[in-house]
Structures are given as structure tokens and as C-alpha cells.
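**Student:** Need the 3D shape of this:
(2 chains)
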There are 2 protein chains.
Amino acid sequence: MIRKNLNINGKMQMMVVDPDSLLVDMLREQLKLTGTKIGCGQGQCGGCSVILDGKVVRSCITKMSRVPDNACITTIEGIGGPDKLHPIQLAWTVHGAAQCGFCSPGFIVSAKALLDANPKPTRKDVRDWFQKHKNACRCTGYKPLVDAVMDAARVLRGEMTEDELAFKMPADNRIWGSKYPRPSAVAKVTGATDFGADVGLKMPAGTLRLALVQAKTSHANILSIDASAAEKMPGVFKVITHKDVKGKNRITGLITFPTNKGDGWDRPILCDKKVFQFGDAIAIVAADTEANARAAAENVKVRLEELPAYMSAPAAMAEDAIEIHPGTPNVYFEQKRVKGQETGPIMKTAAFTAENDYYLQRQPHLTMEPDVGLAYFDEEGRLTIHSKSIAIYLHHAMICPGLGIEPEKLRLVQNPAGGTFGYKFSPTMEALLGVAAMATGKAVTLKYDYFQHITYTGKRSPFFVNLKFGADKKGKIQAMESDWIVDHGPYSEFGDLLTLRGAQFIGAGYGIANIRGAGKTVCTNHAWGSAFRSYGSPQSFLASESLIDELAAKMGMDPLELRYLNVYRPGDTTPTGQVPDAFSLTEMLDGLRPIYKDALNRAKKESTPEKKKGVGISIGIYGCGLDGADSSEIAVELTPEGVVLSSSWEDHGQGADIGALGTCHEALRPLGIAPDKIRLVMNDMATVPNSGPSGGSRQQVMTGNAIKNGCEMLMNAMRKPDGTYRTYSEMKAEKIPLKYSGKWTASMCTACDENGQGSPFSVYMYGVFMAEVTVETSTGRTEVDKFTVFADVGKINNRLAVDGQIYGGVAQGIGLALSEDFEDLKKHTSLSACGFPYIKDIPDAIDIHYVETPREHGPFGAAGVGELPLTSSHVAVINAIANATGVRITQLPALPHKVLAGLKK
Amino acid sequence: MIRKNLNINGKMQMMVVDPDSLLVDMLREQLKLTGTKIGCGQGQCGGCSVILDGKVVRSCITKMSRVPDNACITTIEGIGGPDKLHPIQLAWTVHGAAQCGFCSPGFIVSAKALLDANPKPTRKDVRDWFQKHKNACRCTGYKPLVDAVMDAARVLRGEMTEDELAFKMPADNRIWGSKYPRPSAVAKVTGATDFGADVGLKMPAGTLRLALVQAKTSHANILSIDASAAEKMPGVFKVITHKDVKGKNRITGLITFPTNKGDGWDRPILCDKKVFQFGDAIAIVAADTEANARAAAENVKVRLEELPAYMSAPAAMAEDAIEIHPGTPNVYFEQKRVKGQETGPIMKTAAFTAENDYYLQRQPHLTMEPDVGLAYFDEEGRLTIHSKSIAIYLHHAMICPGLGIEPEKLRLVQNPAGGTFGYKFSPTMEALLGVAAMATGKAVTLKYDYFQHITYTGKRSPFFVNLKFGADKKGKIQAMESDWIVDHGPYSEFGDLLTLRGAQFIGAGYGIANIRGAGKTVCTNHAWGSAFRSYGSPQSFLASESLIDELAAKMGMDPLELRYLNVYRPGDTTPTGQVPDAFSLTEMLDGLRPIYKDALNRAKKESTPEKKKGVGISIGIYGCGLDGADSSEIAVELTPEGVVLSSSWEDHGQGADIGALGTCHEALRPLGIAPDKIRLVMNDMATVPNSGPSGGSRQQVMTGNAIKNGCEMLMNAMRKPDGTYRTYSEMKAEKIPLKYSGKWTASMCTACDENGQGSPFSVYMYGVFMAEVTVETSTGRTEVDKFTVFADVGKINNRLAVDGQIYGGVAQGIGLALSEDFEDLKKHTSLSACGFPYIKDIPDAIDIHYVETPREHGPFGAAGVGELPLTSSHVAVINAIANATGVRITQLPALPHKVLAGLKK
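**Tutor:** Prediction:
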């Protein structure tokens, strides 16, 4: 231990610290200054940035022995608080720069040091600074962050006042369609938002800290588990194994289709007989400190019998492969697609055909916040689990039998989440926390380090797709044949549904009358497949949006014009036979055409043998909702202060708060309630009804409609005969109920049948993407210079949120195209090794053009937005590489060595 | 557990809490908002005051179940920080209202709520508010707090600006003699000062929390200690008994005199053979949490053989009393006083004699902060103990052999201390912490609750005094005979020295040529005697300052005039035969005389049969230093920024920082260094030299002289031939040493001999006190209406600090006179049960008049101050009661029932 005097945010603080401990641990654990976040814990994300004697340092890699005595440390708490935002913080809120908000403190601290050193930076200076200091963001595509820094610098230089920068209420007091900052923004930019690890740190004394004993192999039989040595280690309260689980010890995969050959009960909470993948949890150590728990976990002895590990779908499909789940074939589900006539004959007579094989990789989510949660028994004796769950009611159903608890005794709560992008559709941690709380009777917390977060959360399931188009002389596609294989990892969770997405989205956007093909779901020993933004569609569009370019090339036709010829027009139906809810793709392509032509000309002019430039486009489509008659429920209540809106519109960071607030405020406009009088109660089963999960861009449509419905019921109750509205006091006096349950069901939808035909979604989103790239021919390295998006996501609720979703989704598409992967268990274990895009990997120029086609089934005409930008933005980049170099990358990501190999051919 | 959303200082905070836990624990332990302090933990001190939904609540008695969801909580951290003080906080610094500063956050929070509710309060309103909300202060006498609130209210009303309120640097830039606020004030008023419990809470994870197994009896043989059940309890790391102590397991009492019949090794760290007093530590439980440690401590089984408990000196002196420490007589030390001629013959012929017996009670220190500390092994492997020690080097010597550690491997550090008033001259907790850290090899913390703090820290040792004066016709005292018995509790620690104080101060102030008598130190089983402000003198002056009034009454002479006749004049010597260093008592009595006469007239006029008024005076004297050739050392170093001053001028709250800073700034005035460029490094054996303990008002004189010496050496080194001074760079360039060791020794002093004769102190402080009281005849209740002080403490370093010491000392004198006691082990276990004076027990009118006689041996003429106001202020109150009612109280405190009994006689 060492005694240090430190000036922390202007306060002199005497600290006793372990010299080998980290600055971030002193700040967070010893001082509970939790505004400084731990993301990767390896100095790769900048979430822990603080200013130490004038310099930005990453506190997660700064040992206390290196912090000088009397050092001056500034954390986010020292920059500004909710009562007085620093101009950088204000700019962050105004530009929607805090989405999940987990990276915001680190960026703002870093920006503060930049502006202290350079009061008048260029945009390039700002980008260079964030690159140098490894400030990483997964939500925003970085552009809003640079916008915010530039405006903050103007304010600090006196060229703009804070009032000029701040959001101003429109004259009509309507926030729908405006840039009203999300209600959670101020807490996020001041570090006041407690994410899961922060809540965990602030738990009462006596809370047990958990560590997992995990498999270090991918497939094995468990022979024995010996916890005797671990149980004697310092601070250990209990070592928990499958024997301590009261229930079925399974997380049910909630099998959707009767033709699934599995039963959905394939996933143990704690492994009992077998290990199915690397990282599988075998035991949990509960101890007084995380360090003690982790030390003891190292000493639980597990004897295993190794089995052959099938690390990809083809391996698991081999004839000699054993069944990973004995009794269930490794290929456990098949989804056919049958639309129109047989395609075989058409192909034979088609003027043009094109065919190719594609592989989309196991994309890691790479959220800034590693997975985390806590559990305790509440005042009513309910097992209460706080996590990043984006599906609290759904997860309740998935883990309840496994835990062996009565449903009414289980309560799930969502903590503020530092990004999920879908991986939190899987309730792994929730079940582990539940088991540990039940086995110990104590409050427990569990957090993964970034290695665990990468290796033991679900990933996007790779697709192997074979696709063939047959077109007539003009290029009109007459037939499509598609086969796809889904590597879903060892657990069945939504694997059938994901396979269906291939049937729904391969070739989507084009009015193709005749379709055949089938998708197979394959069990493997690689990472389990979990939800990921645009679920199933990036795989689908990689095939169809690549192949259409290949077809165009064969025909010598411009790929934009070939798309223009084929996109949905009245009379066309989707691959599932549904009538599209909007026909705006032509309008978007018309809008893009001149921009595209300019880009092509520019690329041609600027290309050199060393740096080849190219332009690529793609179209993308996704549904808003769960397949079929999805529904949602909310509650709205009149109070003396205004209105309370209760929902389980879970937040990934996408802006559930502003989504709910904007919709509610619009619905209640006749009442003239100010937005800050609408209080949001969210995401706690004890206090909110079931609005369904936050997945599939469903909430703005489903829960938005439920909010509209509830608000209408409330206003009907408040409305007097003369058309004016009763006040709260008048309602009370007349004994009129104050609380209303708003509901909505997409009753116009039908789920897809065994042939992949149906009308699964009430609302769709449509987009067109264009990427401009430079390929360095000596290395094969691709840089995206500019990105253009046309989006029809219906009427826009909040511009900041929708812009932010698109910027962020495009950035993830660029990462998917060029660098991101989780394949090699030895190599792909850190943010940068997984190919995370930093600021200089994403262009500063991202232009968005909206076509706001009002949706019949969307509240106030709105659709969703979150999935759209990642449906096919990656394919625009792949197509641009082909345009620049002639190299067609079909196995993603397009790493430099692959492009270089193509160039050398 | 219960989930709550709370607005804490403007931040929305989601908390998971135990509904039975306390609001203060959530704030401090879960959020590390340690500005809110735990003093008594029983709702009696207001240190934990916070504003909950607009109302002041004591958070230590507010269960979380009573805190509503969405409640608004304001703590000191939410009122203002070091960067922006709230006007109340600014006023607190300017008025010296934060001495130890432990109560400051609670008072400021309370004042904030007052001024929110009543922007224009009267002084009475303020006093009523603090009384109602039980805001307790032990340092300041309350007056500066009311001054601060009144000024803050003016600022908030716009009648005064913050600039007008703030301290302004004098034109000559001299802070010596000014009201420069102490450097630690800002941290104290913002809650940023971490006291021991706060440092403990911020220790790294894995720090063990200790709880004591304590004796519940006062005298017993230990038969067995069984820790087996406790060691199996949750979270327990180890149960430590005397068997685990490596060294002698004794805290040495550092016997001062060879005639002491004990050897000083009487006090076990952890009891082995015997229990000597209630509360004695028998074992220590080290566990993960304090709750677990305390629960396990309850389960350590100790079998005892009860022995007769001697709860007072007479009981322990009885013939049949067994030896408490076998082998050492219970009366283990005797101090004679022999000056001048035999007094027997003089008494026989004296014109007037007066004689009486007096008893001064076991005054409890009642600091706001209970005892607390922590220990760990530092980066050099040194056992490092942080505590409230006011004597780090001395304590090192006292506990080192007991612990069994090499001296160079033991390091003591003082934490900011929430008041000590001397009890931290005893290193009890330090030794316990050392044993626990050595036995576990871990960092450990220990804090007492207030019950433990009262029952298991040292107390002022009661004196039984018999005193006789013989005077001539005019009233000139010719002879004094005095015998005194000191009830020192079971441990010898400084008991001989304390007994000597009787010889030094009974009758001090008067030039009495002939003195006889003897004091005895008696071992008992009541609380051990530790240092307490004015050590030994309140007992001494109770006798002599009461008896002189009794003599005056006998003679029919005014007590002021009788004193005036007898006080030191040139040619007189002190009772020890020393020539006084100042003869200002006559000047002070001259100054008091008209005020005294007015008071007497007022009392006479305003007295009624129901409310009798009276006036009493007393004189008080104390030495500055340890007996004999006391010395001190400091270090002063020139740095690029200014100067670093290193010392072990430990702080009780008296203002060690401003003492050192003011002296250093004055010494360095030729250099023109601004005060904020003098950095103070204090109270850590690893970084500061031995300046000696902070006791006996010695530091301003001893360490002040050492500072002056060091600064002179530095300036001599910096001085160029032309009389100007070298800069830091010039010194470096010329390779002149930058660091100087300043030393000073009171070589003019001689310790007292076996007859109590010698010149023990180089500098004395002199004072005259006057109390005006009202006695309610129906109840015997005494109220002090006004207090007047004349003080000669030499040239004043800092007016705020010196005023504050006097206000606070007077308040303790009033408590000593009227209410404070620690006698009944069953009853005297809380702040209020011990007779703690709240604001309405202390008059708002306390007037101080200074006579600044420059001291030859004081730096820049300064003496000390801390002990003076408690030497005899209590006797002024006792004399005033006698003046009002004729009732002479000789057995303190003057509780209503005693006065009533006197009135009934």
C-alpha cells in the first residue's frame, strides 16, 4: 500500500492505494467516482480517460505507482455536473452525441484536454486527437461527436453563446420531428448515469461478488467438478455448480416452429454433462470481493473428456460428426422458400444469370460496456435481476423454469445499457445471477471483463449463401434460387427464426415473382448465435446486393439502373409474398442518381495506380416487429404534476426514452403538457407492463401505437362536453379513473408458413446506401471516404435519435465489410483484434437524405429505424471495392490481404 | 432489498438498498458521499444532517424504508464545492467556524435549510434552529457559527457581497495577527476533508474491518477465550487474541519519574491475564465487513473470574483493596510540594484561613468524531498506522515494543481529526490496529461507535483536593497547604506527570512564598486517565479559585480585589519557584474591574426570588510545553513554486495548519512569499521530522521557534551579499542546499524536582474569566448568561484560531462546571447523557479582551493558547452560582439537584 495526496476534481484527497492497482479502480472502487467507465479494460476504448496533470491518460492501464504524489486528476465529475454543464457537455446533448452514453465521459474528458491545448481545432484535428487517444464509440459513427466538439470550441472561444447552442423549443411546442435532446442525455454526459457495474459498486455492504468457472475448450464431456480447494480460499462464500440449481437448469430457446428438431431445452445454465462451447459456465464462485472470487474460480478443478469441436457449419454437417446435443441432429431446422413457379425452367431460358457463394462472418457486437448484472431479493421476496436485458418479460419466460422459481417471484429490471445491438436478447447472465442469488440467499453482482464479454456472449451467426439470379434481356429478375446455411453455434435460441430471415430478406427490395431455396440451421461449437442489429439481413443482402452488381457487370449495365428496374413497384410483392407498405425505393434511387454519378466521375478522376477509388451502392430493407401479430402494452396515468408513462421499451442506447417521450408528447398535444412533465417509468417488471422486447426495430411501431392508444383513452376520459379537458383535480373530484392501459396488436400480420410465405411485418424500413472508397493497391487496405444514405423510415419522431441510429449503423456496416470478425478464439479476444472501427476508420462525411413516407400502421406515420442502416451498408463498401479494383470479395471481412490477393490475380 | 430512485444533489440515482439500513449508510458506504459524517450515530449530534424533501433530517436515524421513492436529498456535496463555495460555506471559513470541521457539514446543511425557510433570522432564531436540530459542536463555543449564518444570510439577501464577506489580504501582505482563514477550512466546509472513517471507507477492496471483543466488567481474571464459533462466522478472516501479539503486548506508560512504583508496562494491548476496566479489549475480529466483524465479536466466548472493582480512588486506597496490578501498590506515585518555610506555624498565626475539600469529576472529551484508525503495510514494508494521534513520534515509542516490530518498520500518520482535546495522547487504537495488521498481513480499519468511544477512551482524571490558605490581615496569602489524590484509572500512562500538575497549578497565579502538600496517584478500575486540555489545571484551580472566593467571603472582601492583591508581581514566583514570564494579571484585572462592577450591579438589579443572578471570576494559568527542556524540529525547503514546510504539528482541530503557516509566513516575510505558496506537509513519520506531540499548548512555542529557526537558516542561505535573496534557480545553479532542518530547545527550563520545584515551562499563558449566571431557584438549574475573558497569550498569530480556541475552551468550562461527567457506566454512555453542552447551554455573549505581552521565548512574541480557557473558566461559573445563591458547589458538576439541595439548606 502507498499513501498518496491527490487533487481530484479540485479536492485534495489523501488516499491509501495498492501501488499495483489501477487509477480507474481507485476512482471507481475507492471513491465511487463512477463517471469514469471501464470498457475494454485494456486501454483500447478510452472509456476510462481522465486528465492527469494536464494529459489525457487511460486510467485502466495507469498503475497507481505511476501517479505522482500531489498529482492533479480531472474526471468527468470535475468537468461539469447536471446543474452546470460544461459547453462540451452541452454540445454533446444538443448533437445527440450520447446514445448509449457509455463512451461519453471518456470522450468529453478527452475533448476537454484537446480544447485546453488547442482552442481552435479543425475537424481533422479532432479526429486525429480521438484516434490518438483511442476514444472508441460503437453507437454514433463519430460524426456527431466531432460536430459537438466543434460547437463547444466555438462557445469556449466566444463565437457562439451557450443559449445559441442549446435546443430551442419550437414555436408550436411540438417536439415530434425536432432535435429535442433525449431526457437521459444530461446524466450521460455528466457521468451521472449508473450503468450496471456502477450500480453493482454502489450495492450495500455484504453483497457477494461472483466469478465464473468457464470452459477453456469448445466441446467436452464433464467428468467431475471439484470445488473443495476453492471453497477454502479467502473470502469465498460458496462455489455454485449445477447441483445447486433448483429448476431445470436450462435456458429455453423458445422454439418458434414445430418442425424444429430440437426442443429448445439444449442450453444449460451451469454445464452439467457437457461443455458446448468455449467459455461455457461450469461453476460460479461467490466471494466478498471480485478479486477473491476470480482467484478461487481459478482453483475449481474440472476434469473433462475432450470431444471433437465443430467450429463451423460444414464441419458439424460432416458425415462422421457426432451429435453435439445427443438425440438432436446437428442440422436441426430447415426453412424452405417457395414463391411462384419452379425456378429451374426459368433459369434455363433466362437471358442472363448470375450465381455466386457468399460467407458473412461471425460479427462481434463489441459494445463499449461489457456484460454485467446483479441480483437480490426485493422487499416482497422476489428474486430481482438487474441486467442489460432488452427483453425483460421475454427473458422472464426463458429463465424461469431453469431457475425453478414461481413466475410471480421473479422480477427483471433493465439497467442503463452501454450498447447491446442485440446481444442482450440472450439471457445468459440473467440466469447465472438468478442461480447465484438463489443458492446464496444474498445480493450478488457479476461483471465480465472484456475477454469474457467477447468470448462468452452471443455473436451474429455466419451464413453460407449460394444465390442465383435469372433475368430477362432488360435485366428484370425473373427467378431467384437461394440456399443458405446458418452456423448458429451450440444453442437453439431463435435459430429457426433467424433462418427464416434468409427467406424474408435474400433478394428483398426486388419484385421477384419466382423463388426457390432452403435454409438450414446448424449446431456448431463456435459462439452461440444471438440477435444482432438487422438480424439475418446483412447475411441475406451480402448475397443479393453483391450478386445484383455481378449481374449488372455481366450485362454491362449500371448497377443503380439495374436496381432501379427491379425495385418494388405497385403490384410487386416481397419474397414472402407480402405487399410492401411503401414504394419509395424508386424515389430514393432517383434522388441518389445525380450524387452517384458525381461520385463515379470523381472516383474515375482521382484514381491513381497506387490509390484506386470506387463507388458502390446497395439497397436495404427490414421489418419492424416480431413476425406475425406482435403486440405491446403501456400504461399512462394523469398525476398532479403531469403524466406518468410506464413501459418496457428497453434501451440499447438507441433512445427508448426519447422514443417514448416524443410519441407520448405528440399524442397528448391537445393537452398542452410540456415534455418535462411527462415522467417515464421504464423497464422494471414490478412497475411497467409488457411492451415486448426491444428488437427488430419494433418499439417505435408497436409500443408507439400502444402509447398513442393509451393517451387517446386518457384524453377521452379527460374531455369535457365542450371539448376542453378536465384538470387532475377535476378528474379526482369526478372520480374518473386516472390510469389507462394502452395496447396495440399488429393483427393485420400473418407469420410465414413452411414455404416462407406470409405477411410477417406491419411496417418496413427502406434504404439505399452508397459508399465511396479508396483502395491502396500496395497493401489492399480499403478506406471509406464518404457515405451517403437515403432512408425511408416513415415520419421521424426525433431527428437526433434517427440520425444517430443511421450514423452508427453505417459505421457498423463499414466494420462488418472491412475488419470485424470473431473466428479465431486465440486471436479475436480484444476490441482491436476483433477489428473494431476507430474514428479514422469511419468517414467524417456521412450524408443522410430522408424520404418520409407516412406509414399506415406506424404511430403518426413512423416506422422503426435501428436495423435499417446495417442491413446492407457493408455491401455498398464491398461493391465499391469491386468498382475500384475489380476485386469481388465474397467472404467477409474484406481484409487487406484478401483484397491484395484479388489484386494480384 | 429495495430499489429506489433518488435525486441526490441534483443527480437521479437508482439505488438498491436494504430498507432497514440507514440513509447515512447509503450516502457514505454505497455512494462514498462522505461529507455527511457519523458522529454519535444516535441522532444527538447532527453531524449527519441532510435535507430530505426540504426538511433537515439526521440521516443516522433515518431508515431507508422511510425515504420516499423519488425523494430529493441534499448533502453538503450538493451545497457547494471547493470551486464554488455557497455563501454559508464562505462565511464559515471567514468566521473560523470550522475548527476540527467534523460538525461543519451538518451545521451548514442545517443552516441552508434554515435560510431556505427563513431568509432573515435573528441570532435567537439561528440558535433555536440549531438547538432544535441537535447540531452539536465541541470546538467553537457556537458563537462563530451564529456569526457565520448571520453574514451568509446578509449575502443571500443581497445586503452584502461575497467579496465584502471574504477575507482581504492586508496592505502589508502580513497575515500574522490577521484573520486569514486556515488553509484546511475550504475542504472542511465542503465536506471534502476525509476524516479517519472516510479514509477507511475509501480503502482498497480486501481491506479487513475490525471489531473488538471487549470486557463488560471492570475487574476480572481471564480464565479462557474461545474464538472457535466466531471464526466460523460469515466473512470472518481471523480472530486475534493476545497469543497473536508478537511483542510484549504492552503499551508503555513511559514512566517519567524514578520514584514511580510501577514500571509503566501495566497496560496490555489485548488483555491476557486480567481485565482492568470496562471495555478493555480482549480480542479483535477481522472480517470482510464491519457488520460481520461485530456479529462475530459477539460470539467470542470469554470466561472470567470477577474481582472487586475499585471505581474511585478512595475505594482503591482502602486497606483491604487488592492490588489491581499485582506487585504494584494501588497508590503508586507521590509528588510533594515544598516551597519556602513550613506552613504549619504560619497557618497558626494567620489573620485569616480558609480550607475546603473539592472534587473535580471524570470529564469526558465528547469529541464529535468517535475514535477511528486504519493500518497497512506501506510500499517499503513498514507497518503504517493512521489514527487521530496527536503524538505520532511519541506513540511510536509507546507501542513499538508491545507490537514487537523494529522501530524503523513502524510508521504513524495522523488523519484529519474531528476533535481530540487530548484523549489522543493515548495510543490505544494505534496498538490494536498494529496488532491486527501484523496478525493478518492485511490492511485493516477500526472505528468505534459512540458507546465505545465514550466507554473505551481515556478521561480527565478526577482529583480529590484538600486546600488551605492562610492570609494576613490585608488578605495577602502567606501559606498554602494542599493535598490531592488523583484517580488515574488502571493505566499508569503519564499519571505521575499529571500528579505533578497539581504541584504546579494549585494556587498558581498568586505569589505564595510558603507551600506544603503532596499529591498521590491512585490506580482504580474506572476509565483510564488520559490527557485532556489544560491537563491537571481544572482540578487544581477548582480548589484554589474556589477557595480564594471563600477566603474573600470570610474577610468580607471583594473577590476581585483579593485576587488583585495576590496575583504575580515582579519578585513573586510560581508555586514551583519559577519567575513568571509575564506580569499581566494586574493589567487584566484592572481591565475587568469596571465590567465586573457593571455585571454585579446588573445581577443585583435583575435578580428575583425565582431567578437569582450572580457574577463569578477566576484566574487561570498554564504552561506551554512539556516539562523541562522540551524541543522541536521541522524542515523547510525551497521549491520552484515556493516553500515546503514539514512538521509533525498534529492537529486536534485547533489549527495546526494556520499555526504553522502563519509562523512560517511571518518568518519568511523578507522573501515576500504569498501564503498559498507555502505548502504544508504534516504528520506522517515517513515525511516529517519529530516536532513533538500536540499537547500542553506547546506547538506554537516549540515548533513555532523551530520554524523560525529553519526559515532563518534558509534565508541566510538565500541572502546575497547585497542583502537581496537568491531565487530557486540561482540556488540550484550555485548548488546551495535547498532544505534546512529547523530546531529549537527550551534549554532555559528545568524539570521539577521531588519537591515540585523547578522552571518547567519557558512560556506561560495567563487569563481572567468572568461568568454571569442565572439560577432558577425552583429547579437549581444554572444558565450562563454571559462570559468575559481577559487573555494574555502573547502576540497573536491568527485571530480566528485564537478566538476560536477561547470560545471553545470556555464552552468546555461551562460544561465542566454544570453538566459533564463520566461516572455511571450504565448511564453516561451517550453525548447527551454525559451532559454535552448544546448551543443553548452556551451564551451567545462571549467577550474576549487581549493583553498581548510579547514573550521572550515565544516566536514573534507568541505563547500558546489552547489550554488557557479551560484552566479555570468552570470556577468562574461555580463562583457565580455562589454569588447568586450563596450555594458553594465543591463536587462538580453543579447539577441542578446539587444546587437545589444547597438552596434548601
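
**Student:** ok, now which ones touch the residue minimising distance to the centre of chain A?
**Tutor:** Closest to where the C-alpha atoms of chain A average out (Cα atoms, centre = their mean) is A:Phe421, at 0.8 Å. Applying Cβ atoms under 8 Å, 6 or more residues apart in numbering or on different chains, we find A:Phe421 in contact with A:Arg138, A:His365, A:Thr367, A:Phe532, A:Arg533, A:His652, A:Gln812. In this view, the C-beta of every residue, glycine as well, is placed from N, C-alpha and C.

**Student:** let's see 6 Å
**Tutor:** A:His365, A:Phe532, A:Arg533 (Cβ atoms under 6 Å, 6 or more residues apart in numbering or on different chains).

**Student:** what's stretch A:862-873 in contact with?
**Tutor:** A:533-534, A:537, A:541, A:545, A:618, A:620, A:622, A:624, A:654, A:697, A:700-701, A:763, A:765, A:767, A:769, A:793-795, A:797, A:802, A:805-806, A:809-810, A:812-813, A:855.

**Student:** quick one on the thing from earlier: and of the contacts of A:Phe421, the nearest to A:Leu638?
**Tutor:** A:Arg533 (36.4 Å; Cβ to Cβ).

**Student:** For the closest one, the count of nearby residues, please.
**Tutor:** 30 (other Cβ atoms under 10 Å in any protein chain shown).

**Student:** What's the separation between it and A:Gly614?
**Tutor:** Noted for A:Arg533: a distance of 26 Å to A:Gly614, by Cβ to Cβ, to the nearest Å.

**Student:** Would you map the strands across the stretch 501-650 of chain A?
**Tutor:** Taking DSSP state E, counting those that start in this stretch as the test, the strands found in the stretch 501-650 of chain A are A:514-522, A:611-623, A:631-638, A:643-647.

**Student:** where in chain A is pLDDT low?
**Tutor:** Along chain A, no part satisfies pLDDT under 70.

**Student:** List, one by one, the residues from it near chain B.
**Tutor:** A:1-2, A:10-11, A:16, A:18-19, A:29-32, A:82-83, A:192, A:202-206, A:288-289, A:376, A:378-379, A:443 (Cβ under 6 Å from any Cβ of the partner chain).

**Student:** In PyMOL, select just the buried ones from those residues.
**Tutor:** Restricted to buried positions by 16 or more other Cβ atoms under 10 Å in any protein chain shown, the PyMOL selection for the residues of chain A next to chain B reads:
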select buried, chain A and resi 1+2+10+11+16+18+29+30+31+32+82+192+202+203+204+205+206+288+289+376+378+443
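
**Student:** can you tell me which of the residues of chain A next to chain B are in strands?
**Tutor:** Judged by DSSP state E, strands contain the following of the residues of chain A next to chain B: A:Ile2, A:Lys11, A:Val16, A:Tyr376.

**Student:** Make CSV out of the residues you listed and add distance to B:Gly556.
**Tutor:** CSV is the format used below for these (distance: Cβ to Cβ, whole Å):
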residue, distance to B:Gly556
A:Ile2, 70
A:Lys11, 63
A:Val16, 66
A:Tyr376, 79
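
**Student:** ok, which stretches of the stretch 1-150 of chain A are strands?
**Tutor:** Under DSSP E, counting those that start in this stretch, the stretch 1-150 of chain A gives strands at A:2-8, A:11-17, A:49-52, A:55-58, A:72-74.

**Student:** between these, which one is nearest to B:Lys179?
**Tutor:** Comparing those by Cβ to Cβ, strand A:11-17 comes nearest, at 22.6 Å.

**Student:** so which of the strands of the stretch 501-650 of chain A is the most packed in?
**Tutor:** Comparing these by mean neighbour count (mean count of other Cβ atoms under 10 Å in any protein chain shown), strand A:611-623 comes out on top with a mean of 27.

**Student:** now for it, which elements pack on it?
**Tutor:** helix A:537-555, helix A:585-606, strand A:764-776, helix A:868-871, helix A:873-885 (3 or more Cβ pairs under 6 Å, 6 or more residues apart in numbering or on different chains; DSSP states H and E).

**Student:** Using PDB, write out every CA atom in it.
**Tutor:** Below are the C-alpha coordinates for strand A:611-623, written out as PDB (Å, rounded to 0.1, in the frame of the first residue of the first chain):
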ATOM      1  CA  LYS A 611      -4.900   4.500 -54.800                       C
ATOM      2  CA  LYS A 612      -7.900   3.200 -56.700                       C
ATOM      3  CA  LYS A 613     -11.200   4.800 -56.000                       C
ATOM      4  CA  GLY A 614     -14.600   3.300 -56.500                       C
ATOM      5  CA  VAL A 615     -18.300   3.700 -55.700                       C
ATOM      6  CA  GLY A 616     -20.700   1.100 -54.600                       C
ATOM      7  CA  ILE A 617     -24.400   1.000 -53.800                       C
ATOM      8  CA  SER A 618     -26.800  -1.300 -52.100                       C
ATOM      9  CA  ILE A 619     -30.400  -1.300 -51.000                       C
ATOM     10  CA  GLY A 620     -31.600  -2.500 -47.600                       C
ATOM     11  CA  ILE A 621     -35.000  -3.400 -46.100                       C
ATOM     12  CA  TYR A 622     -36.100  -4.600 -42.800                       C
ATOM     13  CA  GLY A 623     -39.300  -5.200 -41.000                       C
END
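
**Student:** what's next to it, contact-wise?
**Tutor:** A:508-509, A:534, A:537, A:541, A:545, A:560, A:599-600, A:603, A:606-607, A:761, A:764-776, A:867-868, A:871-872, A:875-876, A:879-880, A:883-885.

**Student:** Of these, just the buried ones, ChimeraX syntax please.
**Tutor:** Entered in ChimeraX, the line below selects the buried ones among the contacts of strand A:611-623, by 16+ other Cβ under 10 Å:
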select /A:508,509,534,537,541,545,560,599,600,603,607,761,764,765,766,767,768,769,770,771,772,773,774,775,776,867,868,871,872,875,876,879,880,883,884,885
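
**Student:** Next up, the contacts around the residue in the stretch 201-350 of chain A that chain B sits nearest to.
**Tutor:** Here the residue of the stretch 201-350 of chain A nearest chain B is A:Asp288; by Cβ to the nearest Cβ that distance is 3.9 Å. Residues in contact with A:Asp288 (Cβ under 6 Å, 6+ apart) are A:Gly235, B:Asp288.
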